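Visitor: this one's structure only:
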């Protein structure tokens, strides 16, 4: 059987929302930030290696009215991201009014409150 064990939904929700709250309050560890920066820069470089990579990037910037930035400038901006930036963004994003969730799982009406208590931001 592939997929997620429905019996583990409460545990998964609890841990997911714990990470959301942690991002808002503490941010990320230096190791996590370093890994995310390296990953973002690596994906950027890989996306520009194909024949149409750079031209697609320029076209998308033009389409969305964004300034066209050279890769080295984007990399500098990525490297400037701090833990304070990440905490500020997490506080902006992880808010109840921004949150929507759909669960496709059999939940007994008597268990509904238990699940709602698990997803507090």
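Guide: Nice, thanks for sending it over. Note that the coordinates shown come from a computational prediction; the quantities given were computed from them, not determined experimentally. Numbers count the residues shown, from 1 in each chain.
Visitor: What distance do you get for residue 99 to residue 119?
Guide: Separation of residue 99 from residue 119 (Cβ to Cβ, to the nearest Å): 8 Å. For the C-beta atoms, the positions are set from N, CA and C on the backbone; glycine is no exception.
Visitor: Which one's more surrounded, these two?
Guide: Neighbour count, other Cβ atoms under 10 Å: between residue 99 and residue 119, residue 119 has more, with 15 against 12.
Visitor: can you count the residues close to residue 25?
Guide: 10.
Visitor: do residue 117 as well
Guide: With other Cβ under 10 Å as criterion, residue 117 counts 11.
Visitor: cool, residue 38 as well?
Guide: 11.
Visitor: which element is the residue nearest to residue 28 when sequence neighbours are not counted on?
Guide: Leaving aside its sequence neighbours, residue 28 sits nearest to residue 86 (Cβ to Cβ, 6 or more residues apart in numbering; 5.5 Å). Remark: residue 86 resides in helix 83-93, with elements defined by DSSP states H and E.
Visitor: With residue 84 as the reference, measure out to the most centrally placed residue in the chain.
Guide: Residue closest to the average C-alpha location in the chain (Cα atoms, centre = their mean): residue 90, at 9.0 Å. As judged by Cβ to Cβ, residue 90 and residue 84 stand 11 Å apart.
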